[in-house]
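Asker: attaching a predicted model along with its sequence, questions to come.
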Amino acid sequence: MNLLRSVLFVGTVVEVCTAIVDTGYFWQVTDFHYDANYSTKGDPSKMCHFMSKGSYSNSIYGNYHCDSPWQLIQSATAAMKHIHPDPDFILWTGDSVPHVDDSTLNIEKVVQNIGNVSQHLRSVFPNITIFPVLGNHDEYPEDAYPSAPDSNYYRSILHGAHFDQLLSNDTAKQFLTGGYYTTAIHRGLRVIGLNTNLYYSQDKLTSKAEDPAGQFQWLTATLTAAKTAKEKVIILSHVPPGLFEKYTLLMWFYDKFNTRYVNILKTFSDIIAAQIYGHEHTDSFRILKDSTGSPVGTLFLAPAVTPWNSSLPGVGANNPSIRLYEYNKRDGTILNYRQYYLNLAQLIRSGGNVNWTLEYDAKDVYHLPDLNPKSLHDLALSFQGDNSALFSKYLVYNSVSQTLKPVCDSQCELTHVCSITELEKLDFNLCRSSDTSKTTALPKTTPAQRHRKPVGKMYMYIIVGLGAVVFILFIVVGIICIKRRRHFVPYRFSRFSNALSSGPIN
């Protein structure tokens, strides 16, 4: 019997070893908001575009009141290339067009703007698969995606913005229907790129539609087929469901679309390994729960490259950022992520070299054993409990360390927690109106810990002895694993000179 247990244990360790070998990495980059009209002498109150009374001297890498100059985009992609030059793939989650009035744009300018970024990414990572999706600003006029499928707009993006250089022929054909697509990353793992801008509450063209561009029906059919094929799925999109943690009146989707979307996520939560979004410009996450309230999925929300100060009251600006995920290549599970950023204020003060730095390691800074839904759900609940120090860290990272001493009272704190843990408006409102001392604080001990029976000394000696044997076996197998593993240790910081390559492709 002991021999059988030892064999089973070794088999388990070998499985762990295999999982280690299958660890991979991918980048997410989002919300470039490239502004071709950015000027170092432009008035920051006018998006750094025009000279006005006074003398202005903006950094060539940007200003917190303005969108990204080309040098900032070059710097961000150069940092990605330096920190981890050979990712398995890159998720580019939309919004390449700046925050300017539609009167200053047209469809040709929008397409050219996105195309400049598209070709730049391809030039920096010529042999890496890049999965793009569209942002709400990437349409002209902004927030005006048509509800009908097969729009000429998607054809313009595919060919004019060079998405056809990033997507395969079959995937590109799907994209033409409504800006969404799916393709296999490898056997057993699939990516689904969605156009959730169709559900965005600022899009007047889709407000009365039942299923804009047929995406709900397509998504359900695609997930059903993936489940039948025993595939896991990574979903990427721009706009996330749920409510904005910094502006409680704003729900990103129309309510009817939010409910339908969340229900689809719940139905297929067993095969959805990860969800990756942008749009908010802030650093946060969301928890998907099933009908019993149990966490069954995580939505990762990465902050923006643009440092632009939001027009929404109280939201503020952020430091430019990029994110590197560590994942299980077999099933797509997110194992960890590392957030890198450029301290723009420090760069402006010093005028020195660009320094993209590791802002934080998610598992390390939040003391997490893993990034599964339950662990992250418990983390969010702890923000209202004894681990308020963790919430203080989260709040700083929420603006990518742009606001180092953010002010947040108990209601503000509760709003953050509720936006993370509740994706539906009704549940969010109930959460915000609840007595947090009763509902959100974590217990000091679990019920099992409170009712645990003492163990006799003899059994303790036996357990310790068996534990020692198991530990030795684990070390032996672990050494074998380490020899097999192709390990990647990311740089903690990267330096680049101010001399960057030439401007965008026109």
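Answerer: Right, received. Where do you want to start?

Asker: tell me where the stretch 251-400 of the chain has helices.
Answerer: Ranges of helices in the stretch 251-400 of the chain, per DSSP state H, counting those that start in this stretch, are 255-267, 344-350, 362-365, 373-382, 388-398.

Asker: residue 133 is in contact with residue 238, correct?
Answerer: Yes: using C-beta atoms under 8 Å, residue 238 is in contact with residue 133, at 5.7 Å. No exception for glycine: its C-beta is placed from N, CA and C like everyone else's.

Asker: residues touching residue 305, list them.
Answerer: Contacts of residue 305 were listed using C-beta atoms under 8 Å, 6 or more residues apart in numbering, and they are 29, 30, 31, 32, 33, 68, 72, 73, 76, 320, 321, 322.

Asker: count of neighbours near the third one?
Answerer: I take that to be residue 31. 26 (other C-beta atoms under 10 Å).

Asker: contacting residues around it?
Answerer: Counted by C-beta under 8 Å, 6+ apart, residue 31 has contacts 93, 94, 95, 135, 278, 279, 281, 303, 304, 305, 306.

Asker: possible to save these as JSON lines with distance to residue 431?
Answerer: Formatted as JSON lines, the contacts of residue 31 follow (distance: C-beta to C-beta, whole Å):
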{"residue": "93", "distance to residue 431": "27"}
{"residue": "94", "distance to residue 431": "29"}
{"residue": "95", "distance to residue 431": "29"}
{"residue": "135", "distance to residue 431": "28"}
{"residue": "278", "distance to residue 431": "24"}
{"residue": "279", "distance to residue 431": "22"}
{"residue": "281", "distance to residue 431": "23"}
{"residue": "303", "distance to residue 431": "24"}
{"residue": "304", "distance to residue 431": "27"}
{"residue": "305", "distance to residue 431": "32"}
{"residue": "306", "distance to residue 431": "31"}
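
Asker: among the contacts of residue 305, which ones are in strands?
Answerer: 29, 321, 322 (DSSP state E).

Asker: neighbour count added to these, as JSON lines?
Answerer: As requested, these are exported to JSON lines (neighbours: other C-beta atoms under 10 Å):
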{"residue": "29", "neighbour count": "23"}
{"residue": "321", "neighbour count": "29"}
{"residue": "322", "neighbour count": "23"}
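
Asker: which one among the residues you listed gets closest to residue 150?
Answerer: Nearest to residue 150 among these, counting by C-beta to C-beta, is residue 29 at 28.7 Å.

Asker: how close does that closest one sit to residue 263?
Answerer: 30 Å (C-beta to C-beta, to the nearest Å).

Asker: now do residue 83
Answerer: 38 Å.

Asker: more crowded one of those two?
Answerer: More crowded of residue 83 and residue 263, by other C-beta under 10 Å: residue 83, with 21 against 14.

Asker: buried ones in stretch 362-376?
Answerer: 362, 363, 366, 368, 371, 372, 373, 375, 376 (16 or more other C-beta atoms under 10 Å).

Asker: tell me what whichever strand or helix holds residue 109 is packed against?
Answerer: Assigned by DSSP states H and E, residue 109 belongs to helix 107-124. Where contact means 3 or more C-beta pairs under 8 Å, 6 or more residues apart in numbering; DSSP states H and E, helix 107-124 is packed against helix 70-83, strand 129-132.

Asker: list the buried residues for stretch 97-107?
Answerer: Buried, per 16+ other C-beta under 10 Å, within stretch 97-107: 97, 98, 99, 100, 105.

Asker: chain center to it, what's the gap?
Answerer: 26 Å (C-alpha atoms, centre = their mean, to the nearest Å).

Asker: in CSV, list the C-alpha atoms belonging to it.
Answerer: Provided in CSV are the C-alpha atoms of stretch 97-107 (Å, rounded to 0.1, in the frame of the first residue of the first chain):
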residue,chain,number,x,y,z
VAL,A,97,-7.3,56.5,-32.4
PRO,A,98,-6.9,59.5,-30.1
HIS,A,99,-9.5,61.2,-27.9
VAL,A,100,-10.4,64.0,-30.4
ASP,A,101,-13.6,65.4,-31.9
ASP,A,102,-14.9,63.5,-34.9
SER,A,103,-14.8,66.8,-36.8
THR,A,104,-11.0,66.5,-36.9
LEU,A,105,-11.1,63.0,-38.3
ASN,A,106,-12.5,61.0,-41.2
ILE,A,107,-12.6,57.3,-42.0
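
Asker: give me the mean pLDDT for it.
Answerer: Per-region confidence: stretch 97-107 scores 96 on mean pLDDT.

Asker: residues in contact with that stretch?
Answerer: 33-37, 47, 67-68, 110, 113-114, 135, 137-138, 140-142, 153, 156, 306, 308, 311.

Asker: okay, and which of those residues map to helices?
Answerer: 110, 113, 114, 153 (DSSP state H).

Asker: my guess is the last one contacts residue 141, does it?
Answerer: No: when contacts are counted by C-beta under 8 Å, residue 153 is not listed as touching residue 141 (11.1 Å).
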